[in-house]
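**Q** what's the 3D shape of this:
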Amino acid sequence: MRHRIARLLASIGEADCPLRPTELFNEGWMLRLLLDELRCESRPNHPFTFFEGAKWFSESLLPSPFLPRFRSDPLGEGWTNADGVVGHCKLSQSGRGDLALVKDARQLVVIEAKMSSGLSKGVKRCAVYDQASRTVACIAEVLARASAKPDGFQRLAFFVVAPSVQISAGIFGDRLSKATIECTVRNRVEAYVGARDEWFNGWFQPTLAASVIQLLSWEQALEGLPDELHQFYARCIEFNRPAKS
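**A** Model (predicted):
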């Protein structure tokens, strides 16, 4: 079965392949290949570099500080999917991919990968609570659940990685600025009329202050890495049309 899967993947992009090219040539696989390369070959100056003992995970779930308090909670939301995570983490044994920190964690880097799209603009229960703010809030919740103070980390970060042409087009705006993120999450918290104030003051604000939040191009992320990664990226660009601003 493994040989069959490998054969199908290897044929993607060829004329007679029954699978769409974007099944493989997409941001998810680009990020997985990048992180696997960095895990195998140390790159101390890379933004996603692995600290000793760190692992990486793909499509893991981050807990939200705004999970439903009761059935049909009008303010509630589900867990957040993370394209990539690097750090001192583990997954639960439930099989769902729930992420948690290990004891004495010193690194937590969450990565959102984009190829032809921008950040989502909101969740069902709150239209202005966008993807960047939601992810940073979830990072704060991961720390809160582990009672891991932000100032105890050597590397705490949230990156959005996208093609340079998308970044130049300005499709991400100022949504990764700390001021915008703090304002958005504050508005989300205020809807709880005090019930989330302690979390906001004790966990979210310190996490935001301690975190690196950055928009990074794939071109920067791949700089100095093997040609095969650049070739894969070129196919991703070929099969994914950039979104218009």
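
**Q** in this protein, what secondary structure element scores lowest on mean pLDDT?
**A** Each helix and strand of the chain was given a mean pLDDT (mean pLDDT, DSSP states H and E); the minimum falls on helix 2-11 at a mean of 80.

**Q** Under the pLDDT cut-off, which ranges of the chain? List them.
**A** Segments of the chain classed as low confidence (criterion: pLDDT under 70) are 93-95, 122-126, 242-245.

**Q** Please, where are all the helices along the chain?
**A** Counting by DSSP state H, residue ranges of the helices within the chain are 2-11, 27-40, 131-146, 164-168, 178-190, 197-199, 205-210, 218-221, 227-239.

**Q** Deepest-packed of these, please.
**A** Mean neighbour counts were compared across those using mean count of other Cβ atoms under 10 Å; the top stretch is helix 131-146, at a mean of 22. Glycine gets a C-beta too; all of them are placed from N, C-alpha and C.

**Q** Going by contacts, tell me the helices and strands next to it.
**A** The elements that helix 131-146 packs onto, with contact taken as 3 or more Cβ pairs under 8 Å, 6 or more residues apart in numbering; DSSP states H and E, are strand 55-62, strand 80-87, strand 99-101, strand 107-113, strand 155-162, helix 178-190, helix 197-199, helix 205-210.

**Q** who touches that helix?
**A** 62-66, 77, 79-80, 82, 99-101, 105, 108, 110, 112, 119-121, 123, 149-150, 156, 158, 160, 175-176, 180-181, 184-185, 188, 199, 202-204, 207-208, 211, 213 (Cβ atoms under 8 Å, 6 or more residues apart in numbering).

**Q** mind giving me a markdown table with the helices and strands packed on helix 131-146 and columns for distance to A132?
**A** Listed next are the helices and strands packed on helix 131-146 as a markdown table, based on distance: least, Cβ to Cβ, whole Å:
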| stretch | distance to A132 |
| --- | --- |
| strand 55-62 | 13 |
| strand 80-87 | 11 |
| strand 99-101 | 18 |
| strand 107-113 | 8 |
| strand 155-162 | 7 |
| helix 178-190 | 6 |
| helix 197-199 | 18 |
| helix 205-210 | 11 |
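
**Q** for these, which one sits closest to C236?
**A** Nearest to C236 among these is strand 107-113; the distance by Cβ to Cβ comes to 10.1 Å.
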